[in-house]
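*Asks:* The following comprises the amino acid sequence and a computationally predicted model.
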Amino acid sequence: MKLSLRQRFLWLFLIVFGVGSGVGYRVFLWYNDDIVSLLGQRLVERNALYQKGQLLSVLSPEITLARKMASSPVLKDWIRQESDSGRRTRAMAELSDFRQFFRSQSYFFAIAESGHYYYGDAKRDSPADQPSYQLDPALLKDGWFYASLRNSSPLQLNVDTDRHLGITQIWINAVVRDSAGQGIAITGSGVDLSEVIAKVILSNSHESANMLIDRNGGIQAHRDLALIDYASVRKGETKEVRKTLLDRLANAREVSAMTAAMQALVDYQAEVRSLLLTIDGQSQLVGLAWIPEMRWFVISTSSPTIGMAGSRLPMGILILIAALVSVLVVAAYIVERTVMRRLARLDKATRDLADGRYPLTLDDRSGDEIGRLTQAFSTMSARIASHTDELTRQVAERTQSLETLAH
């Protein structure tokens, strides 16, 4: 059975619609994955930079003060003759003055030659002019001090618990050096670890999880305190087992990718980087930013689908698809009404004419090609009907004449 033009058009429309919908759906899935991935990367990168700013707002003033204190001529002069009462008095006044500007209202000052560790905080009514305790290179808990002295960096951050004082903080260790560049003391202050965790690690937690790691991947701040790599400065020299983010990655390839991203940031090749990694068996988008003042990285992790959270993209795609379907349906309806239906009517009329059913009158005054064809067909049909009637009349008259002569 041959299909009519109208039926073929409908079938063609359905085929084109089906194929177009399938191709469009595949393209949507393709671009959707790319868009979701790109949005997710931008979100974790933006969050890493935001948390970097938050951390700097907390620690940057403390770091500046610690470095300023380490360069104090009064304190360096005291170190040369620690037992001199006049120098001690001036040094204690200097330390007390610095203490007022630190966030924790505390300071520490440890001298290499004597091993004396001085500590002062707001609870003391008078300057802490007597050592709080004696440092000992043989004690593991004092290893941070001697490791910091040997380090070439002028300042280090160390998350640790001072076993003598019973205080757990992010310690800012600024090295005091003599004119020859030799480390002769370490001074600085501490910032409450819980404050940093609350302001940086736990902020924006509905979108992502944050952490801080050092240059070797050691975790310096995390919402799970058990994962923090305490005393990283000391462990770097003693080769103790460390708690690092790198150890939580799925394989060596991811470790290599993470290490390369960290190095690129340290080399200032980029301000922020993002990676897709598997942490503790879960796929995560990871954004990282380098803080050279602290020699730490801010890490922000999120689900790979974070780009769709709160996004209007799916609804926009659905609206676009619905709009396209509506356009196709309306176009098909217009073609059906303005072309196919009129052609079908004209086709039926030609078949009726062929079967001798006339005259035929088709009302189409549109003035387009089909309209003119319909009007011409109606005129032709009327003329054929007129000629046929005339022939029929003439045949009838001739027949009657013959019958009359016969009688």
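*Replies:* That came through, no problem.

*Asks:* Could you use CA atoms for every contact and neighbour count after this?
*Replies:* Fine.

*Asks:* Show the pLDDT at Asp192.
*Replies:* Asp192 carries a pLDDT value of 88.

*Asks:* Quick check: which helices or strands does the one helix or strand Val298 maps to pack against?
*Replies:* Assigned by DSSP states H and E, Val298 belongs to strand 296-302. Judged by 3 or more CA pairs under 8 Å, 6 or more residues apart in numbering; DSSP states H and E, the packing partners of strand 296-302 are helix 5-70, strand 209-214, strand 282-291.

*Asks:* Give me the contacts around it.
*Replies:* 40, 44-45, 47-49, 51-52, 207-215, 284-291 (CA atoms under 8 Å, 6 or more residues apart in numbering).

*Asks:* one more time with 7 Å, if that's ok
*Replies:* Residues from elsewhere that reach strand 296-302 (CA atoms under 7 Å, 6 or more residues apart in numbering): 44, 47-48, 51-52, 207-215, 284-291.

*Asks:* Turn the helices and strands packed on strand 296-302 into CSV, including mean pLDDT and distance to Leu343.
*Replies:* Output for the helices and strands packed on strand 296-302, formatted as CSV (pLDDT from 0 to 100; distance: least, CA to CA, whole Å):
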stretch, mean pLDDT, distance to Leu343
helix 5-70, 79, 8
strand 209-214, 90, 66
strand 282-291, 92, 60
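
*Asks:* got CSV for those, with distance to Ala332 and mean neighbour count too?
*Replies:* As requested, the helices and strands packed on strand 296-302 are arranged in CSV below (distance: least, CA to CA, whole Å; neighbours: other CA atoms under 10 Å):
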stretch, distance to Ala332, mean neighbour count
helix 5-70, 8, 17
strand 209-214, 52, 24
strand 282-291, 45, 24
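
*Asks:* Go through the ones you listed and name the closest to Ser148.
*Replies:* Ser148 lies closest to helix 5-70 among the helices and strands packed on strand 296-302, at 13.4 Å (CA to CA).

*Asks:* Can you give me every residue that contacts the closest residue to Tyr133 other than its chain neighbours?
*Replies:* Nearest residue to Tyr133, sequence neighbours excluded (CA to CA, 6 or more residues apart in numbering): Tyr117, at 5.5 Å. Tyr117 sits next to 109-111, 131-135 when contact means CA under 7 Å, 6+ apart.

*Asks:* Okay, and which of those map to strands?
*Replies:* Counted as lying in strands by DSSP state E, out of the contacts of Tyr117, are 109-111, 133-134.

*Asks:* filter the residues you listed to the buried ones?
*Replies:* Among those, those buried by neighbour count (16 or more other CA atoms under 10 Å) are 109-111.

*Asks:* How many residues are close by His387?
*Replies:* 12 (other CA atoms under 10 Å).

*Asks:* just to confirm, which helix or strand has it in it?
*Replies:* helix 369-406.

*Asks:* Return the set of buried residues in that helix.
*Replies:* Of all the residues in helix 369-406, those buried under the rule 16+ other CA under 10 Å are 370-371, 374-375, 377-379, 381-382, 384-385.

*Asks:* Show me the strands in the stretch 51-200 of the chain, by range?
*Replies:* Assigned strands in the stretch 51-200 of the chain, in chain order: 106-111, 116-121, 133-134, 155-162, 167-177, 183-192 (criterion: DSSP state E, counting those that start in this stretch).

*Asks:* Look up the closest residue to Phe145, ignoring the ones flanking it.
*Replies:* Ile186 (7.4 Å).

*Asks:* For Phe102, give its distance to Gly188.
*Replies:* 9 Å (CA to CA, to the nearest Å).

*Asks:* who has more neighbours, these two?
*Replies:* Between Phe102 and Gly188, counted using other CA under 10 Å, Gly188 has the larger neighbour count: 32 against 20.

*Asks:* Quick check: the more buried one touching Ile172?
*Replies:* Yes. Using CA atoms under 7 Å, Gly188 is in contact with Ile172, at 5.4 Å.

*Asks:* Go through the helix or strand of the chain with the lowest mean pLDDT and flag the buried ones.
*Replies:* The weakest-scoring helix or strand in the chain, judged by mean pLDDT, DSSP states H and E, is helix 313-335 (a mean of 73). Of the residues in helix 313-335, Ala332 count as buried by neighbour count, 16+ other CA under 10 Å.

*Asks:* still on that earlier bit, and the angle from the strand holding Val298 to strand 209-214?
*Replies:* Using axes from the mean of the first three to the mean of the last three CA atoms, to 10 degrees, the inter-axis angle of strand 296-302 relative to strand 209-214 is 160 degrees.

*Asks:* Dump the C-alpha coordinates for strand 296-302 into PDB.
*Replies:* Output of strand 296-302 as PDB, limited to C-alpha atoms (Å, rounded to 0.1, in the frame of the first residue of the first chain):
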ATOM      1  CA  TRP A 296      50.400  25.900  53.700                       C
ATOM      2  CA  PHE A 297      47.800  24.900  51.200                       C
ATOM      3  CA  VAL A 298      44.000  25.500  51.600                       C
ATOM      4  CA  ILE A 299      42.100  22.400  50.400                       C
ATOM      5  CA  SER A 300      38.400  22.500  49.500                       C
ATOM      6  CA  THR A 301      36.700  19.200  48.600                       C
ATOM      7  CA  SER A 302      33.200  18.700  47.200                       C
END
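
*Asks:* Show me which parts of it are buried, residue by residue.
*Replies:* Buried-residue list, strand 296-302, by 16+ other CA under 10 Å: 296-302.

*Asks:* With distance to Asn151 and pLDDT added, can I get those residues in CSV?
*Replies:* CSV is the format used below for these (distance: CA to CA, whole Å; pLDDT from 0 to 100):
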residue, distance to Asn151, pLDDT
Trp296, 16, 93
Phe297, 19, 95
Val298, 23, 93
Ile299, 25, 93
Ser300, 29, 91
Thr301, 31, 89
Ser302, 35, 86
